[in-house]
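[1] I would like the atomic coordinates for the input below:
(chains A and B)
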Amino acid sequence: MAIIAAGTPVPPITLKREDGADFTQEDLKGRTTVLVFYPFAFSPVCTDQLQVYEELGSELAGQNAVMYAVSTDASFSQIAFREKLGVTIEQLSDFEPKGEASKALGAYFEPAGMTNRALVVVNADGIVAWSHLADSPGELPGVDKVREGLAAVAG
Amino acid sequence: MSDPSAPGSSGPHVRGPEGAPLVVLFGDVTCVRCQQAYLALGDAPLRLQWRHFVLRARGPQPRAIATALEAAARQDAFWPLLDRAMAQPARLEDPDLWRIAADLGLDVDRFRADRRDERTDAAIGADLSAALTLGATGTPALLVDGTIDHGVPDAAWIAALLD
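    Here you go, the predicted structure:
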């Protein structure tokens, strides 16, 4: 499955926010959004990734950007995971129907039935500005990749 | 990285035989995998550089230990303090760090003041920025010849480096 390409408007999607409210493509508008897809809450590799991205807090704010982490875990697991990590990055759940939003964006890893390791940066008009799919779910994109995505919005 | 030529700078923290392959370990003393990596690399005939990879999500302690290391470096005791810290990673609250500093014969008042110094802050911040820019995605991050790798180096990894 190919990751959604730059220049493509984000199709209709529905994810669950931590408070249970819907998060749709309309919520992507008005500022830059960085969607971080990670395979599973509590998997060791994801743990480090979000703690490292947490360091981007002020950099994101300075660029009118907000970051969300997306997985197919239920919100309760995601919230426990976020609290354990000590991070503030809001979690979006793609639990039911499982992986539907991730599939729509090409960020789903069919063989394992989980979200793939991917980054999608969406501009304030709801159009994908940049995307990245890791060669394998075990390969983590660093902050340098997030910055590359933010630069694509600015440029 | 702090500029080693700057007045009073503790410079890069490097040890090991001149001419040996250099591994830069971006680490956090409280991270178990960093402790393991430190042991594995310390036993090998490599040149090892330590840089701080202190993530705020992990709470105040990693940073507190990093400030102690920087302050020890100003009294030429970076590696002795790091070795001691690695030997007792579960007991590294401030009083433990003061005790270690005293045991190592450091001027503890100066050690305590240097931990709060802005240059200490700057050195830790510079290491973090470098790690992020290099694409490090977790601890430990190992930099060899401009390439970042992650995890605890095993015997094969070290052998390949020495080859």
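
[2] which residue sits closest to the residue in chain A that chain B sits nearest to in space, ignoring its chain neighbours?
    Nearest to chain B, among the residues of chain A, is A:D48, at 2.7 Å (C-beta to the nearest C-beta). To be clear about C-beta, it is placed using only N, CA and C from the backbone, and glycine gets the same treatment. The shortest distance from A:D48 to any non-neighbouring residue, by C-beta to C-beta, 6 or more residues apart in numbering or on different chains, is to B:G138 (2.7 Å).

[3] mind listing what that neighbour touches?
    By C-beta atoms under 8 Å, 6 or more residues apart in numbering or on different chains, B:G138 lies in contact with A:45, A:47-49, A:51-52, A:140, B:150.

[4] Now flag whichever of those is closest to A:P39.
    For those, the minimum distance to A:P39 (C-beta to C-beta) is 7.9 Å, reached by A:V45.

[5] what's near enough to touch the residue nearest to A:N64 when sequence neighbours are not counted?
    Nearest residue to A:N64 in three dimensions, chain neighbours excluded: A:R31, at 4.8 Å (C-beta to C-beta, 6+ apart). A:R31 sits next to A:64-66, A:124 when contact means C-beta under 8 Å, 6+ apart.

[6] what's the distance between A:R31 and A:Q78?
    Per C-beta to C-beta, to the nearest Å, A:R31 is found 22 Å from A:Q78.

[7] Likewise for B:R47?
    Remark: distance between B:R47 and A:Q78 (C-beta to C-beta) = 42 Å.

[8] Compare the two and say which one has the larger neighbour count.
    Between B:R47 and A:Q78, A:Q78 has the larger neighbour count (other C-beta atoms under 10 Å in any protein chain shown), namely 24 against 17.

[9] May I have the secondary structure class of the more buried one?
    helix (DSSP: H, G, I helix; E, B strand; the rest coil).

[10] by contact count, what packs against the helix or strand hosting B:L25?
    In the assignment (DSSP states H and E), B:L25 maps to strand B:22-27. Contacts defined by 3 or more C-beta pairs under 8 Å, 6 or more residues apart in numbering or on different chains; DSSP states H and E place strand B:22-27 against helix B:32-42, strand B:47-52, helix B:118-133, strand B:141-144.

[11] by how many degrees do the first one and strand B:22-27 diverge?
    If I follow you right, that is helix B:32-42. With axes from the mean of the first three to the mean of the last three C-alpha atoms, to 10 degrees as the basis, helix B:32-42 and strand B:22-27 are set at 160 degrees to each other.

[12] Would you list the buried entries among the contacts of A:R31?
    By neighbour count, with 16 or more other C-beta atoms under 10 Å in any protein chain shown, those hold A:65-66 as buried.

[13] can you name the two of the contacts of A:R31 that are farthest apart?
    For the contacts of A:R31, the farthest-apart pair by C-beta to C-beta is A:V66 and A:A124; their separation is 10.9 Å.

[14] re earlier: in JSON lines: the helices and strands packed on strand B:22-27, plus mean pLDDT and distance to chain A.
    Putting these into JSON lines (pLDDT from 0 to 100; distance: least, C-beta to the nearest C-beta, whole Å) gives the following:
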{"stretch": "helix B:32-42", "mean pLDDT": "95", "distance to chain A": "9"}
{"stretch": "strand B:47-52", "mean pLDDT": "97", "distance to chain A": "13"}
{"stretch": "helix B:118-133", "mean pLDDT": "96", "distance to chain A": "4"}
{"stretch": "strand B:141-144", "mean pLDDT": "97", "distance to chain A": "9"}
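
[15] any chance of those in a markdown table, plus distance to B:R84?
    Putting these into a markdown table (distance: least, C-beta to C-beta, whole Å) gives the following:
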| stretch | distance to B:R84 |
| --- | --- |
| helix B:32-42 | 12 |
| strand B:47-52 | 14 |
| helix B:118-133 | 19 |
| strand B:141-144 | 23 |
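
[16] Could you look up the SS state of the residue of chain B found nearest chain A?
    Distances between chain B and chain A by C-beta to the nearest C-beta are smallest at B:G138, namely 2.7 Å. Put simply, B:G138 is coil when judged by three-state DSSP.

[17] Near chain B, which residues of chain A? Just list them.
    Within chain A, the residues that sit near chain B (C-beta under 8 Å from any C-beta of the partner chain) are A:45, A:47-52, A:54-56, A:85-87, A:140-145.

[18] Quick check on these: which are buried?
    Neighbour-count burial (16+ other C-beta under 10 Å) is assigned, among the residues of chain A next to chain B, to A:45, A:47-52, A:54-56, A:85, A:87, A:140-143, A:145.

[19] among the residues you listed, which are in strands?
    Of these, none are assigned to strands by DSSP state E.

[20] Please identify the buried residues of stretch A:72-85?
    A:72-73, A:75, A:77-79, A:81-82, A:85.

[21] helices and strands around the helix or strand harbouring B:E70, which ones?
    Element membership of B:E70, judged by DSSP H and E, is helix B:61-73. Judged by 3+ C-beta pairs under 8 Å, 6+ apart, helix B:61-73 is in contact with strand B:47-52, helix B:78-87, helix B:94-103, helix B:108-115, helix B:118-133.
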